[in-house]
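J.: requesting a structural model of the entry that follows:
(one chain, ligands or ions: 1)
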Amino acid sequence: MEKLKIAGGSPLQGTVKISGAKNSAVALIPATILADSPVTIEGLPDISDVHILKSLLEEIGGKVQLSDGEMTVDPSKMIPMPLPNGNVKKLRASYYLMGAMLGRFKKAVIGLPGGCHLGPRPIDQHIKGFEALGAKVTNEQGAIYLRADELRGARIYLDVVSVGATINIMLAAVLAKGRTIIENAAKEPEIIDVATLLTNMGARIKGAGTDVIRIDGVDSLSGCRHTIIPDRIEAGTFMILAAAIGKGVFIDNVIPLHLESVTAKLREMGVPIEVGDDQIFVGWADHLKAVDVKTLVYPGFPTDLQQPFTSLLTKAEGTSVVTDTIYSARFKHIDELRRMNADIKVEGRSAIVHGPVQLQGAKVRASDLRAGAALVIAGLMADGITEVTGLEHIDRGYCELVEKLTGLGATVWREKMTEEEIEQLKNM
Ligand code: EPU
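T.: Numbering: from 1, shown residues only. Okay, the predicted model is just below:
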C-alpha cells in the first residue's frame, strides 16, 4: 500500500496533457459486448477502472488486448456468465454490464455495484428502463437478475436526470425491437460519446446530448474503431489546481465547450483564462474573490469538481457557499481540509468556506476519488508536507497523476506505507 507525499508551495508552470475520459471509458468498454466482431477504442486512460473492466470482459469470454491506451475487444465468444461478486463490486460503472448483457443475451446476473460513497446512489431509474423494455428484474442476495424473452422499444421518462440510467437504457435498447424514446435524459458529453460508438457499430440513435433520445432497434451491431473524448473532469481538476497554485498552466487536449461552467466560475473569481481550440490557458491572479457554487446536471457546474473547487476557495477572500444538489453527502473531504487549517463548515447540502487561509500540510485520507483530488490540490497549496492515503480511490480515475504534477514542477512522490501505518489506517 502506498501514500502520496506532497511538498507544497512551489508554483506550477508548463503544459499538461489530459487523458481520455474515465466516465466515458467505463461505458464504452461494456458497450463493446453488443457487437459481433472486434471493437477498438483508442485513447483510454491508464486507470484501475479500465483494467477491472478488461478483466470483467475476459471473465465472460471476451478476448481483450490493451496497450498504450488502445483496447481491442473481440466479443464474438462472450457468454452470459453470472457476475454476482468479485471485480464487479470494485466499481460503480459495472452497472453498465447490466444494460449491455441484457441487450446482447437478454439475460444477465450482475452484483450490485461498488464505487465512491457519496450518499445514496440508487439504480431505480436503470431498472425502470429495463422493465419498460420488457425485462423481468429481481434483486436476489445483492445481485440483480435480469431476464427477457425479447426486448421491445418503449417510451421511458426518467424521474431523475441520470447519466448512468440514460446510458444503460441506450445499451439495452439498441438491439431491442422497435423504437425507444428516453425522455428527461441526461445530456453529459459522455452520453454523446457512447452514442457515437454505438452509432459507428450500426445503432440508430438520435438526440444524444439533448433531453430526448430516440433509438430505433437494429438486428445486429458490428465492430468499429472509436477515439474517446478527453476527460473534462481531469481537465477541470487541473484548471482548479492551476488557479490555486499555478504561474501559467496550459491544459492540452480538451474540448473547451465541456468546461464552460468551470471557466466561468474561475473567471468570476478573478482568474485569467484563455480558451483555444483544444487547449485552455489558466493564468494567475494575486487576489481571488469568493464565489458561490451550485452543482447541477450538465451543462451546469459538475458535482465531480465540487470537492476540488472547495480546496481552491480556501484561498479566496470572503465567504463562499458550495452546494451539491446531486449528491447529499459528498462532503467527506471537508474534515480533512479542516485538519489542514481550512475554515469550512457543512450545513445540509452546503459547505461554507471562509477565506483566505494558508493551508498547512497534514496527514489526510481520501475517502473517494474526487475527495482525493481535493486533498492533492490542498497539499500543493499548503505549507509543509502533506501525506495523502486512500490512493486506491485516486488511482481509479486520475491517469499518471504524479507524472503530470511533476511535469508541472510539483514536488510529489509515492511512498510505501509501513506496516504500522497500514494498521492505523484500518483502525480509523
Ligand atoms: N439517481 C437516482 N436513481 C437512479 C440513478 C441516479 O435517484 O436510478 C440519482 C443519484 O443518486 C444522484 C443523481 O440521480 O443523486 C445523479 O446520478 P447519476 O445517475 O447521474 O450518476 P451516475 O451515473 O451513477 C455518473 C458519474 C459520476 C458523476 C455523476 C453525476 C460515472 C461512472 N459516474 O454517476 O462520477 O458524479 O454521473 O454527474 O459516469 C466521479 O467521476 O467521481 C463520479 C462519481
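J.: below-threshold pLDDT in the stretch 101-250 of the chain: ranges please.
T.: 114-120 (pLDDT under 70).
J.: check which helix or strand covers the residue of it found nearest the ligand.
T.: Taking Cβ to the nearest ligand atom, the ligand has its nearest neighbour within the stretch 101-250 of the chain at Gly164, 2.8 Å off. C-beta coordinates here come from the backbone N, C-alpha and C atoms, glycine included. Gly164 is part of helix 163-173, with elements assigned from DSSP states H and E.
J.: can you show me the CA trace of that helix as PDB?
T.: Extracted in PDB, the C-alpha atoms of helix 163-173 (Å, rounded to 0.1, in the frame of the first residue of the first chain):
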ATOM      1  CA  VAL A 163     -26.200   9.800 -16.600                       C
ATOM      2  CA  GLY A 164     -26.000   6.100 -15.700                       C
ATOM      3  CA  ALA A 165     -29.600   5.300 -16.400                       C
ATOM      4  CA  THR A 166     -29.600   7.200 -19.700                       C
ATOM      5  CA  ILE A 167     -26.500   5.200 -21.000                       C
ATOM      6  CA  ASN A 168     -27.700   1.900 -19.600                       C
ATOM      7  CA  ILE A 169     -31.100   2.200 -21.300                       C
ATOM      8  CA  MET A 170     -29.400   3.100 -24.600                       C
ATOM      9  CA  LEU A 171     -27.200   0.000 -24.200                       C
ATOM     10  CA  ALA A 172     -30.200  -2.200 -23.600                       C
ATOM     11  CA  ALA A 173     -32.400  -0.600 -26.300                       C
END
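J.: pull the distance from it to the chain's centre.
T.: In terms of Cα atoms, centre = their mean, to the nearest Å, the centre of helix 163-173 is set 16 Å apart from its chain centre.
J.: which SSE is immediately downstream of it?
T.: Downstream of helix 163-173, the next assigned helix or strand under DSSP H and E is strand 179-183.
J.: can you list the buried residues in the following helix or strand past that next one?
T.: Scanning forward in sequence from strand 179-183 by DSSP H and E, the next helix or strand is helix 189-200. By neighbour count on 16 or more other Cβ atoms under 10 Å, the buried set for helix 189-200 is 189-199.
J.: likewise stretch 322-337?
T.: Buried positions in stretch 322-337, judged by neighbour count with 16+ other Cβ under 10 Å: 322-324, 326-327, 330-334, 336-337.
J.: again with stretch 227-239
T.: Neighbour-count burial for stretch 227-239, counted by 16+ other Cβ under 10 Å, picks out 228-239.
J.: picking that back up, name the helices or strands packed onto the helix holding Gly164?
T.: Judged by 3 or more Cβ pairs under 8 Å, 6 or more residues apart in numbering; DSSP states H and E, the packing partners of helix 163-173 are helix 22-31, helix 96-105, helix 124-132, strand 179-183, helix 189-200, strand 212-216.
J.: from the contact counts, what lies against the fifth one?
T.: On a contact count with 3+ Cβ pairs under 8 Å, 6+ apart, helix 189-200 meets helix 22-31, helix 163-173, strand 204-206, strand 225-227.
J.: please apply the same query to the third one.
T.: The helices and strands touching helix 124-132, judged by 3+ Cβ pairs under 8 Å, 6+ apart, are helix 96-105, strand 136-140, strand 155-157, helix 163-173.
J.: any chance of CSV for the ones you listed, columns mean neighbour count and distance to Arg214?
T.: Below are these laid out as CSV (neighbours: other Cβ atoms under 10 Å; distance: least, Cβ to Cβ, whole Å):
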stretch, mean neighbour count, distance to Arg214
helix 96-105, 27, 17
strand 136-140, 12, 23
strand 155-157, 16, 10
helix 163-173, 28, 10
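J.: okay, the ones you listed in TSV with distance to Pro356 next?
T.: Shown next, in TSV, are these (distance: least, Cβ to Cβ, whole Å):
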stretch	distance to Pro356
helix 96-105	42
strand 136-140	49
strand 155-157	46
helix 163-173	34
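J.: low pLDDT regions in the stretch 301-428 of the chain?
T.: Applying pLDDT under 70 to the stretch 301-428 of the chain flags the ranges 428.
J.: in contact with Lys404, which residues are there?
T.: Counting by Cβ atoms under 8 Å, 6 or more residues apart in numbering, Lys404 makes contact with 16-17, 238.
J.: ok, it to the ligand distance?
T.: 17 Å (Cβ to the nearest ligand atom, to the nearest Å).
J.: can you tell me the element that residue falls in?
T.: helix 401-407.
J.: mind giving me the packing neighbours of the helix or strand following that helix?
T.: For helix 401-407, the following helix or strand on the C-terminal side (DSSP H and E) is strand 411-416. Strand 411-416 sits against strand 2-7, helix 369-381, helix 401-407, with contacts defined as 3+ Cβ pairs under 8 Å, 6+ apart.
J.: burial check on Lys77, number of neighbours?
T.: Lys77 has 9 neighbours, counted by other Cβ atoms under 10 Å.
J.: for it, phi and psi?
T.: Backbone torsions for Lys77, taken as degrees, to the nearest 10, come to phi -100, psi 10.
J.: thought it was touching Gly61?
T.: Yes - contact status for Lys77 versus Gly61: in contact at 4.9 Å, counting by Cβ atoms under 8 Å.
J.: excluding chain neighbours, what is closest to the residue most central in space within the chain?
T.: In the chain, the C-alpha nearest the mean C-alpha coordinate belongs to Asn23, at 4.3 Å (Cα atoms, centre = their mean). Nearest residue to Asn23 in three dimensions, chain neighbours excluded: Glu190, at 4.8 Å (Cβ to Cβ, 6 or more residues apart in numbering).
J.: contacts only, for that neighbour.
T.: Each residue near Glu190 by Cβ under 8 Å, 6+ apart is listed here: 21, 23-24, 27, 163, 167, 229.
J.: what do you get for Leu171?
T.: For Leu171, the contacting residues are 27, 30-31, 34, 96, 99-100, 102-103, 194, 198, by Cβ under 8 Å, 6+ apart.
J.: leaving out the residues flanking it, which one is nearest to it?
T.: Excluding its sequence neighbours, the residue lying closest to Leu171 (Cβ to Cβ, 6+ apart) is Gly99, at 3.3 Å.
J.: that neighbour and the ligand, how far apart?
T.: Distance, Gly99 to the ligand, using Cβ to the nearest ligand atom: 12 Å.
J.: now swap in Leu57 and tell me
T.: The gap separating Leu57 from the ligand is 16 Å, by Cβ to the nearest ligand atom.
J.: so which strand or helix has that residue?
T.: Here Leu57 is assigned to helix 48-59, by DSSP H and E.
J.: next secondary structure element downstream of that helix?
T.: Helix 48-59 is succeeded, C-terminally, by strand 63-67 (DSSP H and E).
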